[in-house]
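Chemist: I'll drop the sequence and a predicted model, then ask my questions.
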Amino acid sequence: MAAVTLLRTEGLCRYFDGLRAVDGVSFSLDAGEIRAIIGPNGAGKTTFVSLICGRVLPTAGRIAFEGRDISALPAFRRVGLGIAYTFQITSIFGNLTVFDNVALAVQNSMQRTGGSGLWLDEREMAARVADALDRVGLTERHDTRASALSYGHQRLLEVAMGLALSPKLLILDEPTQGLSDAEIAGFCDLVREIAKDATVLLIEHNMDVVMDLASRITVMNNGTILSEGTPDEVRADEAVQRAYLGT
Ligand SMILES: Nc1ncnc2c1ncn2[C@@H]1O[C@H](COP(=O)(O)OP(=O)(O)OP(=O)(O)O)[C@@H](O)[C@H]1O
């Protein structure tokens with residue numbers, strides 16, 4: 001079956017004063033992919049995904065999601081279209097339980113997108129939260145205060161908060177940072193599971209994770225795309241080796 005394009009950017013730019021953080025990026029993501037974005041520090045990776053989810057607005061260029069121009073849409077409208085993202089653990093409320101953090105993420109997104117039923121009934125909400133917690137393996141921690149979770153579990157909670165929005169595209173920014181090796185292995189299984197019914201775009205510094213998970217890799221450098229391809233193609237690319245892999 002022919003691949004369906006989920007997301008496309010054309011000539012996307014974001015400048016901060018004179019600094020070209022993202023500089024003319026034309027990028028395409030197929031539905032069902034696990035795509036990794038890699039590149040040296042300051043390459044523009046976080047700015048690029050921030051443009052996609054609407055946390056940052058473009059200086060120039062456009063972004064289309066399922067063929068619709070979303071370049072000027074605020075972030076919450078993009079969540080409503082099915083773009084969920086997790087950035088570090090800044091979105092977690094430490095004094096709320098694991099369950100309530102996920103429920104709040106769902107409630108916030110429903111209220112802000114102004115869907116027909118602004119409030120899910122309690123049973124529906126509980127089922128949706130339980131499903132997200134089950135998928136990330138936090139069911140037993142549902143009534144633990146988020147601040148009492150280990151760092152790795154807080155990162156999983158964040159993923160659950162994204163998953164509970166039933167995203168078509170889940171964006172993860174350095175999801176394995178701070179995780180133990182065992183937690184990383186579990187996380188890779190989780191991403192493969194998520195990718196059965198969503199597209200995953202992840203920024204990742206751990207090359208073992210990238211090579212293991214990604215169907216395709218986009219390499220950024222100086223705000224532009226340096227290379228793109230399968231893990232084998234990217235590994236063999238001399239420009240990538242020079243700029244990034246350090247070999
Ligand atoms: N809000 C901002 N204001 C000014 N400069 C910014 C802002 N956000 C990012 N930058 C700059 O844009 C460039 C790209 O940053 P970005 O965080 O997108 O890179 P990155 O590839 O994600 O890096 P890292 O791997 O270190 O997270 C950097 O030089 C950064 O300092």
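Modeler: In hand now; what should we look at? Residues are numbered from 1 along each chain as shown.

Chemist: got the residues of the protein near the ligand?
Modeler: For the chain, the residues in contact with the ligand (Cβ under 6 Å from any ligand atom) are 16, 19, 21, 39, 41-47. For glycine as for every other residue, the C-beta is placed from the backbone atoms N, C-alpha and C.

Chemist: Could you dump the residues you listed into CSV with secondary structure and distance to residue 213 added?
Modeler: Output for those, formatted as CSV (DSSP: H, G, I helix; E, B strand; the rest coil; distance: Cβ to Cβ, whole Å):
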residue, secondary structure, distance to residue 213
16, strand, 30
19, strand, 31
21, strand, 26
39, coil, 17
41, coil, 21
42, coil, 24
43, coil, 19
44, coil, 21
45, helix, 16
46, helix, 19
47, helix, 22
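
Chemist: just the buried members of the residues you listed?
Modeler: Buried subset of the residues of the chain next to the ligand (neighbour count, 16 or more other Cβ atoms under 10 Å): 21, 39, 43-47.

Chemist: want to try JSON lines for those residues, with pLDDT as columns?
Modeler: Below are those laid out as JSON lines (pLDDT from 0 to 100):
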{"residue": "21", "pLDDT": "97"}
{"residue": "39", "pLDDT": "92"}
{"residue": "43", "pLDDT": "94"}
{"residue": "44", "pLDDT": "96"}
{"residue": "45", "pLDDT": "96"}
{"residue": "46", "pLDDT": "95"}
{"residue": "47", "pLDDT": "96"}
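
Chemist: For the most centrally placed residue in the chain, report the pLDDT, please.
Modeler: The chain has residue 171 as the residue nearest its centroid, 1.0 Å off, counting by Cα atoms, centre = their mean. Listed pLDDT for residue 171 reads 95.

Chemist: Same question for residue 197.
Modeler: Residue 197 is assigned 90 on the pLDDT scale.

Chemist: any idea which element it lies in?
Modeler: Using DSSP states H and E, residue 197 falls within no helix or strand.

Chemist: Could you measure from it over to the ligand?
Modeler: Applying Cβ to the nearest ligand atom, to the nearest Å, the value for residue 197 to the ligand is 27 Å.

Chemist: That residue - how many residues pack around it?
Modeler: Counted by other Cβ atoms under 10 Å, the residues lying close to residue 197 total 10.

Chemist: which phi and psi does it have?
Modeler: Main-chain dihedrals, residue 197, degrees, to the nearest 10: phi -130, psi 20.
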